[in-house]
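In: okay, sequence plus prediction incoming.
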Amino acid sequence: MFGTLLPFLMFGILLAAVLSKPLARLGWVSLPVALVVLGFISSEIWVGLGRDTGLRWETLRDLVFYLFLPILIFEAAINIDTRGLRREGILIVALSIPLLLAAAGIAAYIIQLLMGNSLGGNWALALLMATMICATDPAMISSLLSGNGTARRVEQILEGESLINDATTITLFVMISALLSQPGVEINGWTFTGRFLLVLLGGASIGVALGWLFDRVIAPANDKVLSTSATLVLAFASFWIGEHLLGLSGVVATLTAGLTVAWRQRRHRSEEDIAFALDSWQILGFCTNAMLFFAVGMSITIQMFQDHWLAMLIGVLAALVSRAAIVFLGVGPLSRIPGVGPLGFSEQNLMMWGGIRGAVAIALALSLSIEIPNWYIIQSAVYGVALFSLVVQTPLLQRLAMKKKAVPAVAQEA
């Protein structure tokens, strides 16, 4: 069936390449939204002609989880501004782990309260859905927030948050999904927490070790093509070793391996070699995002919106409320700690709306196991949250960013 699906995914890359510049000039519609719409239209036409798209859960899960996610995580890791990561470390770590867990808890409570009956009263299902909608993806907003110093600081915090946030949410997703796929298994809070920390920290340690080892192995080869190819091996090897060989978090291993090898390579590689590697990974990331959003469009049906529109609205509400809580009640007070640097209300507002749900949330929704009860309701709700982020949050964030950039100019004239 993958042979049938492959032409559609390649068509998604072609459309992304053709539409990227025209859509960038328009401003009112983003490339991911266009790919989702075109994916939906093309699949409806194909099915209407009596043909099979080749879209199957087994195929999508393997494609997303074992190909797309390692590329997206590794590409984000090697492109992150490590200086900003260190400078804003307190806020980034707080947002990515303790405040993320708090957000997931708040979102799960709202979901359980408003749609618990639809999920069979299962708290674990509510927590799984909450985890998925808390995965932020601010890669799309870099161009919107770049400019003055305060907006740049918010951008660095959001980028760092997304990097660690993705690893944390994917690890939670994998653990909760595994438990839900085993009927009758009771979830003990302390046991689950201990296992989560072991998987997270163990994956991080393996990633650092593999990143250091790969750098030592490829260091003598003064060849940018060879060294870049080796990083591709590292991305998938770290994921496989962490996830399958050792039973730890493959995503966290990939993340820390990318950070480690990028830091090591920048110490002894030329600027030309580094630029070549980053450009190569940017191409891989672009193609992966194009295929991912196009596949989402193919998997969307009109019936999904007719049957689960309420679940989508509840998901959006849970995502916004939980995000507002951790930003205004968590990040705001934490930024007042001496040495951190306070964030004003306008910066906190940017962070609130900058928590865009995109590629990672969608990837998790696509890889959701059909063995999990009410999986289609959860997937529909996550799709609704991601589409809300792309269609509503992104334009709103653009207006907020433009208003923020206009403040220094007005002050200067005054």
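Out: Structure's in. What do you need?
In: from now on I want contacts and neighbour counts done on CA atoms only, so please keep to that.
Out: OK.
In: so what does Leu172 look like in phi/psi?
Out: With angles defined as degrees, to the nearest 10, Leu172 sits at phi -60, psi -40.
In: give me the spatial nearest neighbour of the most centrally placed residue in the chain, chain neighbours excluded.
Out: Most central in the chain under C-alpha atoms, centre = their mean is Val360, positioned 3.1 Å from the mean C-alpha point. Spatial nearest neighbour of Val360, excluding adjacent residues (C-alpha to C-alpha, 6 or more residues apart in numbering): Ala135 at 6.4 Å.
In: doesn't Ala363 make contact with that neighbour?
Out: No. Using C-alpha atoms under 8 Å as the test, Ala135 is too far from Ala363 to be in contact (10.3 Å).
In: those two: who's more crowded?
Out: Between Ala135 and Ala363, counted using other C-alpha atoms under 10 Å, Ala135 has the larger neighbour count: 32 against 24.
In: secondary structure element for Leu292?
Out: Using DSSP states H and E, the element containing Leu292 is helix 271-299.
In: check which element follows that helix along the chain.
Out: Counting by DSSP H and E, the element after helix 271-299 in chain order, helix or strand, is helix 302-326.
In: can you pull the buried residues of the helix or strand that that next one is followed by?
Out: Using DSSP H and E, the next helix or strand after helix 302-326 towards the C-terminus is helix 332-334. Across helix 332-334, burial judged by 16 or more other C-alpha atoms under 10 Å covers Gly332, Leu334.
In: what does helix 332-334 contact?
Out: For helix 332-334, contacts defined as C-alpha atoms under 8 Å, 6 or more residues apart in numbering pick out Leu91, Val340, Pro342, Leu343, Gly344, Gln348.
In: hmm, back to that, give me the element the residue nearest to the centre of the chain is part of.
Out: If you go by DSSP H and E, Val360 is part of helix 359-366.
In: if you count contacts, what does that helix end up packed against?
Out: On a contact count with 3 or more C-alpha pairs under 8 Å, 6 or more residues apart in numbering; DSSP states H and E, helix 359-366 meets helix 57-63, helix 123-133, helix 149-180, helix 271-299, helix 375-388.
In: make TSV from those and add mean neighbour count and mean pLDDT to it.
Out: Output for the helices and strands packed on helix 359-366, formatted as TSV (neighbours: other C-alpha atoms under 10 Å; pLDDT from 0 to 100):
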stretch	mean neighbour count	mean pLDDT
helix 57-63	16	80
helix 123-133	24	93
helix 149-180	22	85
helix 271-299	20	90
helix 375-388	24	93
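In: out of those, the one nearest Leu15 is which?
Out: Counting by C-alpha to C-alpha, Leu15 lies closest to helix 271-299 out of the helices and strands packed on helix 359-366; the figure is 8.2 Å.
In: between helix 375-388 and the closest one, find me the angle.
Out: 120 degrees (axes from the mean of the first three to the mean of the last three C-alpha atoms, to 10 degrees).
In: so what does helix 271-299 touch, helix or strand wise?
Out: Using 3+ C-alpha pairs under 8 Å, 6+ apart, helix 271-299 sits against helix 2-26, helix 31-48, helix 69-79, helix 224-240, helix 359-366.
In: with distance to Arg267 as extra columns, can I get these in a markdown table?
Out: Shown next, in a markdown table, are those (distance: least, C-alpha to C-alpha, whole Å):
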| stretch | distance to Arg267 |
| --- | --- |
| helix 2-26 | 34 |
| helix 31-48 | 35 |
| helix 69-79 | 14 |
| helix 224-240 | 14 |
| helix 359-366 | 30 |
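In: closest one to Leu119 among those helices?
Out: Nearest to Leu119 among these is helix 359-366 (16.0 Å), distances taken as C-alpha to C-alpha.
In: got the contact list for the closest one?
Out: 57, 60-61, 64-65, 68-69, 132-137, 166, 170, 173, 289, 292-293, 296, 378-379, 382-383, 386.
In: please redo it, this time with the cut-off set to 6 Å
Out: Helix 359-366 has contacts (C-alpha atoms under 6 Å, 6 or more residues apart in numbering) with Met132, Ala135, Gln379.
In: sec struct for Gly54, please.
Out: coil (DSSP: H, G, I helix; E, B strand; the rest coil).
In: what's the answer for Leu248, then?
Out: Classification of Leu248 using three-state DSSP returns coil.
In: give me the neighbour count for it.
Out: 25.
In: that one against Val199, yeah?
Out: Yes. Leu248 lies in contact with Val199 (C-alpha atoms under 6 Å); the separation is 4.5 Å.
In: who wins for neighbours among the contacts of helix 332-334?
Out: Highest neighbour count within the contacts of helix 332-334: Leu91, with 22 neighbours (other C-alpha under 10 Å).
In: so what's it scoring on pLDDT?
Out: Listed pLDDT for Leu91 reads 92.
In: next one: Ala406
Out: Note on Ala406: pLDDT of 55.
In: same question, Ile13
Out: 89.
In: for Asn188, same thing?
Out: For Asn188, pLDDT reads 66.
In: the one 3 residues further on now?
Out: We note a pLDDT of 78 for Thr191 in this prediction.
In: cool, Gln398 as well?
Out: At Gln398, the model reports a pLDDT of 72.
In: what's the answer for Val217, then?
Out: In this model, Val217 is scored at 87, pLDDT.
In: can we start the residue count at 282 from this point?
Out: In the new numbering, first residue 282, that becomes Val498.
In: the stretch of helix or strand it belongs to: which residues count as buried?
Out: Remark: Val498 resides in helix 470-499, with elements defined by DSSP H and E. Within helix 470-499, the residues that count as buried by 16+ other C-alpha under 10 Å are 477, 480-496, 499.
In: ok, back up a step: the helix holding Leu573 to helix 640-647, inter-axis angle?
Out: Angle of helix 552-580 versus helix 640-647, following the same axes, to 10 degrees, is 40 degrees.
In: and the angle from helix 552-580 to helix 350-360?
Out: Using the same axes, to 10 degrees: helix 552-580 against helix 350-360 is 140 degrees.
In: just want the angle from helix 552-580 to helix 312-329.
Out: Here helix 552-580 points in a direction 40 degrees away from that of helix 312-329 (the same axes, to 10 degrees).
In: Three-state assignment for the residue nearest to Val641, please.
Out: The three-state label given to Ala416 by three-state DSSP is coil.
In: distance of it from Leu565?
Out: Applying C-alpha to C-alpha, to the nearest Å, the value for Ala416 to Leu565 is 21 Å.
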